[in-house]
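Peer 1: Need a 3D model of the following:
(2 chains)
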Amino acid sequence: MKDNPLGQFAIKTLYPITLNGHDISFTNASMFMAIAVIIVTSFFILAIRKSELIPGRFQSFAESIYNFTLMTLDENTHGKGQQFFPFIFSLFMFIVALNLLGNAPYGFSVTSQLIVTSTFAFVVFCLVTITGFVKHGFKFLSLFLPEGTPIFMAPLIVVLEIFAYFVRPVALSIRLGANMIAGHILIGVIVGFITLMGIWGFLPISFIVLFNGFEIFVAILQAYIFTILTCVYLNDAINLH
Amino acid sequence: MEKLNNLKQKISEHKHRQESKVVETKNKNFSAITVSSEIIGAVIFGFIIGNFFDNLFNTRFIFKLLMLLLAMMASFYTIYKSIK
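Peer 2: You can find the predicted model right below:
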């Protein structure tokens, strides 16, 4: 990392697998995704294993995450999106775990791979579009013509709305990926200053310690933003305008 | 009794209106935070689509130009909507 701040994002094959000529190897990214799933699942199993009416600290923490996600979904879909709660909760917990694992020592930031964030965003986009058509049929297309649009402006507004709709998954994936990449590159660059600054090397180290705290905040915030935007898009599909 | 019921209904309607206002404000704040990535996303999407059509119709840059223009308009439109 000292020589190349981008080296930390390299995908390394741990267990080569080929299927019909396609490379589906088990990589460091796959390993960290599996670790994230194990951590989140174990956390909730342990938290609710001995669930009591008056919760302990562990159970209370797990319940507060659950309630927080449910409240976010309810606020944004006006209480009509509860059937999507398992998806939203899993998405939030998975992204939080992946982002935080990226900050752990010897960790790998899976969410800094745009292909991963694009896949998340594409799944959300498909879910929103399918939900819209299932709930409203072709009336869902009225999403592209906001109420009160003057008739002479309608063709332009429809084109812009359709364009903005397709931009959503791109923006969603870039937002998460870019934020994770930026923080990790900055830390990688500053690590290079430690040896260069000689006796003053403690200054970049102190900055890295502080910045790591900020990165933990960013990791949770970005997962929250991804989740809340998913809820906002779901609201468009459920309640239209 | 009827007056009391009316009052109760009015209070609950007012509460509901206040709650929706809070949610709307929250959503608007989030739109403002995320506007920068909307612009970047729009430009990237515009370039990809433009490049696809340029390759399809063997044109040099006309579709890239058109789509980038549309991307800029769409992103400004998104900003306008979030400010509004």
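Peer 1: quick one: low-confidence ranges for chain B?
Peer 2: Within chain B, the set of residues satisfying pLDDT under 70 comprises B:16-34.
Peer 1: Now the residue of it found nearest chain A: which helix or strand?
Peer 2: Nearest residue of chain B to chain A: residue B:41, at 3.0 Å (Cβ to the nearest Cβ). All C-beta atoms are positioned from the backbone trio N, CA, C, and that covers glycine. Assigned by DSSP states H and E, residue B:41 belongs to helix B:35-56.
Peer 1: re the thing from before, residue A:170 is in contact with the residue of chain B closest to chain A, correct?
Peer 2: Yes - judged on Cβ atoms under 8 Å, residue B:41 makes contact with residue A:170 at a distance of 4.0 Å.
Peer 1: quick one: which of those two has more around it?
Peer 2: For residue B:41 and residue A:170, the more surrounded residue by other Cβ atoms under 10 Å in any protein chain shown is residue B:41, and the numbers stand at 27 against 23.
Peer 1: tell me the contacts of the more buried one?
Peer 2: A:167-168, A:170-172, A:174-175 (Cβ atoms under 8 Å, 6 or more residues apart in numbering or on different chains).
Peer 1: which residues in chain A form helices?
Peer 2: Taking DSSP state H to define them, one finds helices in chain A at A:28-49, A:57-77, A:85-103, A:114-136, A:154-196, A:202-239.
Peer 1: For the first one, give the mean pLDDT please.
Peer 2: Read that as helix A:28-49. The predicted model gives helix A:28-49 an average pLDDT of 93.
Peer 1: List the contacts of it.
Peer 2: By Cβ under 8 Å, 6+ apart, helix A:28-49 touches A:11-12, A:14, A:58-59, A:61-63, A:93-94, A:97-98, A:101, A:107-108, A:110, A:113, A:116.
Peer 1: Now the buried members of those residues.
Peer 2: A:59, A:62, A:93-94, A:97-98, A:101, A:107-108, A:110, A:113, A:116 (16 or more other Cβ atoms under 10 Å in any protein chain shown).
Peer 1: ok, which pair from these is furthest apart?
Peer 2: Maximum pairwise distance among the buried ones among the contacts of helix A:28-49 (Cβ to Cβ): 34.0 Å, between A:59 and A:113.
Peer 1: count of residues packed around whatever residue of chain A ends up closest to chain B?
Peer 2: Closest residue of chain A to chain B, Cβ to the nearest Cβ: residue A:171 (3.0 Å). A count of nearby residues for residue A:171, using other Cβ under 10 Å, gives 25.
Peer 1: residues contacting it?
Peer 2: The contact partners of residue A:171, taken as Cβ under 8 Å, 6+ apart, are B:34, B:37-38, B:40-42.
Peer 1: can these go into JSON lines with extra columns for distance to residue A:121?
Peer 2: Listed next are the contacts of residue A:171 as JSON lines, based on distance: Cβ to Cβ, whole Å:
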{"residue": "B:34", "distance to residue A:121": "13"}
{"residue": "B:37", "distance to residue A:121": "11"}
{"residue": "B:38", "distance to residue A:121": "13"}
{"residue": "B:40", "distance to residue A:121": "14"}
{"residue": "B:41", "distance to residue A:121": "10"}
{"residue": "B:42", "distance to residue A:121": "14"}
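Peer 1: farthest pair in the residues you listed?
Peer 2: Farthest-apart pair in the contacts of residue A:171 is B:34 and B:42; separation 12.2 Å (Cβ to Cβ).
Peer 1: More neighbours: which of those two?
Peer 2: Comparing residue B:34 with residue B:42 by other Cβ under 10 Å, the one with more neighbours is residue B:42, at 28 against 19.
Peer 1: got the contact list for the more buried one?
Peer 2: A:163-164, A:167, A:170-171, B:71-72, B:74-75, B:78.
Peer 1: can you do 7 Å?
Peer 2: Residues in contact with residue B:42 (Cβ atoms under 7 Å, 6 or more residues apart in numbering or on different chains) are A:167, B:71, B:74-75.
Peer 1: ditto for residue A:113
Peer 2: For residue A:113, the contact set (Cβ under 7 Å, 6+ apart) comprises residue A:29.
Peer 1: what about chain A, any weak spots by pLDDT?
Peer 2: For chain A, the stretches with pLDDT under 70 are A:1-3, A:241.
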